[in-house]
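K.L.:
Model the structure of this input:
(2 chains)
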Amino acid sequence: DSGVTQTPKHLITATGQRVTLRCSPRSGDLSVYWYQQSLDQGLQFLIQYYNGEERAKGNILERFSAQQFPDLHSELNLSSLELGDSALYFCASSVVALPDTQYFGPGTRLTVL
Amino acid sequence: KNEVEQSPQNLTAQEGEFITINCSYSVGISALHWLQQHPGGGIVSLFMLSSGKKKHGRLIATINIQEKHSSLHITASHPRDSAVYICAVGGSQGNLIFGKGTKLSVKP
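P.N.:
The predicted model follows:
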């Protein structure tokens, strides 16, 4: 158990819908990262937050947004969902912004039908 | 061409064999990470390297910054080592760029 929690574990929804994925980092970790793992693209970095502020942005679509709250948990919002958004979404956390080690959550499996 | 290339894509070994997985990258990096993804999907961070060599149990990771190449070695492999091993390079902004992964299967 990495100490990073993600909810929900599984999510099945329809095209055009909007969903919110939640991540609670390890106690004391200030940085949260979001990654997408799809069958054809592999793991891709989406976005990083550090102590409530966006710090780095990767291949995140405009339909996706994220935020980190004062209690340091983070949410990833996916809207106007398409079939191709079906993937595993991982959250990871670390103490500092450029970490020695990132601790990964168990992931949320999103299926868009 | 991908910025991070791993080889082989798939690897089958007999229990006890010495295993090597390679990673080459084409971008400037601040660090290189080796990750392990279990069949259930969970990801564990194994190593972060910026130079030299690190060892943890039966796992050894090396990096050659000049050649932009890293290797992950597993000594005395065991069926519980069966997993996907992923190389990722860390950019200066904190983002990670991932390889496609190497699927390792260790047979008893």
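
K.L.:
Can you give me every residue that contacts the closest residue to A:Leu83 other than its chain neighbours?
P.N.:
Nearest non-adjacent residue to A:Leu83, counting by Cβ to Cβ, 6 or more residues apart in numbering or on different chains: A:Val112, 5.4 Å away. No exception for glycine: its C-beta is placed from N, CA and C like everyone else's. Counting by Cβ atoms under 8 Å, 6 or more residues apart in numbering or on different chains, A:Val112 touches A:Thr13, A:Ala14, A:Thr15, A:Gln17, A:Leu81, A:Glu82, A:Leu83, A:Gly84, A:Asp85, A:Ser86.

K.L.:
Write the ChimeraX selection for whichever of those are buried.
P.N.:
Per 16 or more other Cβ atoms under 10 Å in any protein chain shown, the buried members of these correspond to this ChimeraX selection:
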select /A:13,81,85,86
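
K.L.:
quick check, nearest of the contacts of A:Val112 to chain B?
P.N.:
For these, the minimum distance to chain B (Cβ to the nearest Cβ) is 14.1 Å, reached by A:Ser86.

K.L.:
For B:Asn64, see how far away the closest one is.
P.N.:
Remark: distance between A:Ser86 and B:Asn64 (Cβ to Cβ, to the nearest Å) = 38 Å.

K.L.:
next one: A:Gln17
P.N.:
Following Cβ to Cβ, the distance that separates A:Gln17 from B:Asn64 is 47 Å.

K.L.:
do A:Gln37 as well
P.N.:
In terms of Cβ to Cβ, A:Gln37 sits 28 Å off from B:Asn64.

K.L.:
Comparing those two, which residue is more hemmed in?
P.N.:
A:Gln37 (20 against 12; other Cβ atoms under 10 Å in any protein chain shown).

K.L.:
dump the residue contacts of the nearest residue to that one once chain neighbours are set aside.
P.N.:
In space, and not counting its chain neighbours, A:Gln37 is closest to A:Leu88: 4.3 Å by Cβ to Cβ, 6+ apart. The contact partners of A:Leu88, by Cβ under 8 Å, 6+ apart, come to A:Gln36, A:Gln37, A:Ser38, A:Gly107, A:Thr108, A:Arg109, A:Leu110, B:Gly41.

K.L.:
Quick check: residues of chain B near chain A?
P.N.:
When proximity is defined as Cβ under 8 Å from any Cβ of the partner chain, chain B approaches chain A at B:30-31, B:33, B:35, B:41-45, B:48, B:86, B:88, B:90, B:93-101.

K.L.:
ok, of the residues you listed, which come out buried?
P.N.:
Buried among the residues of chain B next to chain A by 16+ other Cβ under 10 Å: B:31, B:33, B:35, B:42-43, B:45, B:48, B:86, B:88, B:90, B:94-101.
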